[in-house]
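Peer 1: dropping a prediction and its sequence here:
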Amino acid sequence: MPEFLNIELMNWEDFWDLIIKAVFNTLVVLYLVRVLYYKVTPRKDFLFTYIMISQVVYFMLMLLENVGVNLGFALGLFAIFGMLRYRTRQIPIREMTYLFLVIGVSVINALSNRRVSYAELVLTNLVVVAVTYLLERKFLLKHESKREINYEKVDLIKPENREELIRDLEERTGLKINRVEIGRMDFLRDSARVYIYYFESETWGSLGDDSYAGGRNDDDD
């Protein structure tokens with residue numbers, strides 16, 4: 001093979017292995033995050049994050065494998081990414097699970113060597129996708145989400161006015177509220193912090209956005 005500065009210009013075997021696995025890995029990740037995750041929780045910020053982290057992890061491990069990276073290093077890298085927390089917000093457990101999924105799939109696809117057949121690799125990815133699909137669409141149809149609202153009608157936070165409180169919150173937010181919790185109360189400002197819980201499968205299709213007036217997500221700090 002021709003070389004430049006002691007580096008091969010092209011290794012066709014490794015090149016096609018990189019391309020084929022990259023396409024396969026991208027398709028699996030896109031199905032997980034674009035079809036399964038995004039249709040239930042249309043958060044473009046997380047969608048972008050999942051896809052980009054998957055691509056970077058895959059190509060980094062594939063290229064490092066060619067220079068002799070060992071399994072311990074790869075697992076250490078996987079653990080670092082798996083425990084990732086953003087400084088500006090706390091990631092909800094469901095989003096962390098999908099982050100774990102896309103990193104895990106990318107690590108598996110990148111580190112599979114010649115002792116792992118394509119049939120085994122495809123089967124492993126299909127099992128991950130199938131289990132995620134069953135949990136997301138069949139067994140766990142409703143995902144309860146939480147939002148925080150600064151509420152000014154403090155007279156409605158009394159236990160005997162709970163039904164009227166829920167009706168008022170539903171009219172303001174357009175959400176079908178499952179339950180509410182009362183947080184910190186500020187009587188000097190006549191306001192209270194109210195946490196509302198609702199099922200995403202019943203509301204996300206009509207929202208189209210992850211925010212509304214007077215409220216915020218439970219992962220916004």
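Peer 2: Nice, I can see it.
Peer 1: and the nearest residue to S191 once chain neighbours are set aside, its phi and psi?
Peer 2: Using C-beta to C-beta, 6 or more residues apart in numbering and skipping residues adjacent in sequence, the residue nearest S191 is E152, 5.1 Å away. All C-beta spots, glycine's among them, are computed from the backbone N, C-alpha and C. Note on E152: backbone dihedrals following degrees, to the nearest 10 are phi -100, psi -20.
Peer 1: look up how far E170 lies from E152.
Peer 2: Distance of E152 to E170, given as C-beta to C-beta, to the nearest Å: 16 Å.
Peer 1: where does pLDDT dip in the protein?
Peer 2: For the chain, the stretches with pLDDT under 70 are 1-12, 65-90, 140-144, 200-221.
Peer 1: how is it divided into domains?
Peer 2: Annotated domains of the chain cover 3-139, 144-217 [automatic domain parsing].
Peer 1: which residue, neighbours along the chain excluded, lies closest to A192?
Peer 2: Closest to A192 by C-beta to C-beta, 6+ apart is M185, at 4.4 Å.
Peer 1: what about that neighbour, how many residues close to it?
Peer 2: 15 (other C-beta atoms under 10 Å).
Peer 1: show me what contacts it?
Peer 2: When contacts are counted by C-beta atoms under 8 Å, 6 or more residues apart in numbering, M185 is found next to V154, I157, S191, A192, R193.
Peer 1: go ahead and confirm the third one touches L156.
Peer 2: When you say that, I think you mean S191. No - contact between S191 and L156 fails when scored by C-beta atoms under 8 Å: they sit 11.9 Å apart.
Peer 1: excluding chain neighbours, give the residue nearest to E95 in space.
Peer 2: Nearest non-adjacent residue to E95 (C-beta to C-beta, 6+ apart): F46, at 5.5 Å.
Peer 1: contacting residues for the one you found?
Peer 2: V33, Y37, E95, Y98.
Peer 1: that's a helix at it, yeah?
Peer 2: Yes - under DSSP: H, G, I helix; E, B strand; the rest coil, F46 falls within a helix.
Peer 1: count residues in the vicinity of Y118, would you?
Peer 2: If you count neighbours by other C-beta under 10 Å, Y118 ends up with 11.
Peer 1: distance check, it against M52.
Peer 2: For Y118 relative to M52 (C-beta to C-beta), the value is 26 Å.
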